[in-house]
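In: Next one to model:
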Amino acid sequence: TRYVNEQSYSQFNKFDCVVLLTDSDRKKADYQTKIAVIPNTLLQSQTDISPLQALKTISVGRLDKLKNHIDQIEVWAQIVIDYPKWTLHIYGDGPEKDNLQQAIVEKGLENNIFLEGICSDLSTIYNSASLFLFTSRAEGFGMVLIEAMAAGVPCISYDCPCGPSEIIDDGINGYLIPVGDTTMMVEKAKELIGNSSKRKQMGDAAFEKSKQFLPQNIMPRWELLLESLLQKKNL
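Out: Residues are numbered from 1 along each chain as shown. Okay, the predicted model is just below:
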């Protein structure tokens, strides 16, 4: 909905209700009809939690300019100066793949950053990671954040519209970074890489926060909404 032209909001008037994923999306536009905010749900809780011991950071998302993985390469070029054994693994595919690989080569990071392509078993990937980076310029929600958090992996995310600020509690279960501030992202990543107890503390908090997005907590909100709309129709 963030891409809807301001002049187009009137088209939603014909609906009984428009359901949005985030409250920040609700605040940004005048839909001129009933609005409900219900986030996406995790399919199920993770059965395994990452031990957060591997020297591995991951990112998951389509390789396009909006996802902005190029900033992660800039960040990692600074990380490896102090932590050369840590690696960054980017999962996904898309039109920016060649440009990203070229940037990796130009910075001499072929042994530090890996474009892994599409993975069919992301739960295993989350469980193998100790940190998650997210550098999108804009989002509808940020599903991969709650997936990573459900594996107990702390996330460092740009505070882009819309989603991350309603998923991550800054400084508690992850970090929110102003969009484009690679210097702060390097700082926060180094903080968690260099402090395993802090990483574990944030990972545990991330796991607890992810429970808010389980079906048993999200589906009742849909049920209440649908019941209220049906009651209104029957009046």
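In: Tell me the first helix or strand C-terminal of the helix or strand bottoming out on mean pLDDT in the chain.
Out: Lowest by mean pLDDT, DSSP states H and E among the helices and strands of the chain is helix 23-28, with a mean of 88. Sequence order places strand 35-37 as the next helix or strand after helix 23-28, per DSSP states H and E.
In: Check which helices and strands that following strand is in contact with.
Out: Secondary-structure packing of strand 35-37 (3 or more CB pairs under 8 Å, 6 or more residues apart in numbering; DSSP states H and E): strand 18-20, helix 23-28. No exception for glycine: its C-beta is placed from N, CA and C like everyone else's.
In: I'd say Glu116 and Leu88 touch.
Out: No - the criterion here is CB atoms under 8 Å, and Glu116 misses it with Leu88 at 10.2 Å.
In: These two - which one has more neighbours?
Out: Set Glu116 next to Leu88 and count neighbours by other CB atoms under 10 Å: Leu88 wins out with 24 against 14.
In: tell me the mean pLDDT over the helix or strand containing Ala189?
Out: Counting by DSSP H and E, the element that carries Ala189 is helix 182-193. Helix 182-193 shows a mean pLDDT of 98.
In: Okay, buried residues for it please.
Out: 182, 184-186, 188-190, 192-193 (16 or more other CB atoms under 10 Å).
In: residues making contact with the helix or strand following that helix?
Out: Of the helices and strands lying after helix 182-193 in sequence (DSSP H and E), the nearest is helix 196-210. With contact meaning CB atoms under 8 Å, 6 or more residues apart in numbering, helix 196-210 is reached by 42, 45-46, 49-50, 52-53, 130-131, 146, 148-155, 167-169, 172-174, 191-193.
In: which residues touch the spatially most central residue of the chain?
Out: Central residue of the chain (CA atoms, centre = their mean): Leu145, 3.1 Å from the mean position. Counting by CB under 8 Å, 6+ apart, Leu145 makes contact with 132, 134, 155, 157, 163-164, 167-168, 174.
In: Identify the farthest-apart pair in these.
Out: The most widely separated members of these, counting by CB to CB, are Phe132 and Gly163 (14.2 Å).
In: name the helices or strands packed onto the biggest helix by length in the chain?
Out: Using DSSP state H, we find that the single longest helix of the chain is helix 215-234. For helix 215-234, there is no helix or strand it packs on, judged by 3+ CB pairs under 8 Å, 6+ apart.
In: what does that helix rub up against?
Out: Contact with helix 215-234 is made by 16-17, 19, 36, 38-44, 211, as judged by CB under 8 Å, 6+ apart.
In: For my notes, please list these in a markdown table and give pLDDT and distance to Lys67 for each entry.
Out: Shown next, in a markdown table, are those (pLDDT from 0 to 100; distance: CB to CB, whole Å):
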| residue | pLDDT | distance to Lys67 |
| --- | --- | --- |
| Asp16 | 89 | 34 |
| Cys17 | 91 | 30 |
| Val19 | 94 | 24 |
| Ala36 | 94 | 28 |
| Ile38 | 97 | 24 |
| Pro39 | 96 | 20 |
| Asn40 | 96 | 17 |
| Thr41 | 96 | 22 |
| Leu42 | 94 | 21 |
| Leu43 | 85 | 22 |
| Gln44 | 75 | 25 |
| Lys211 | 95 | 26 |
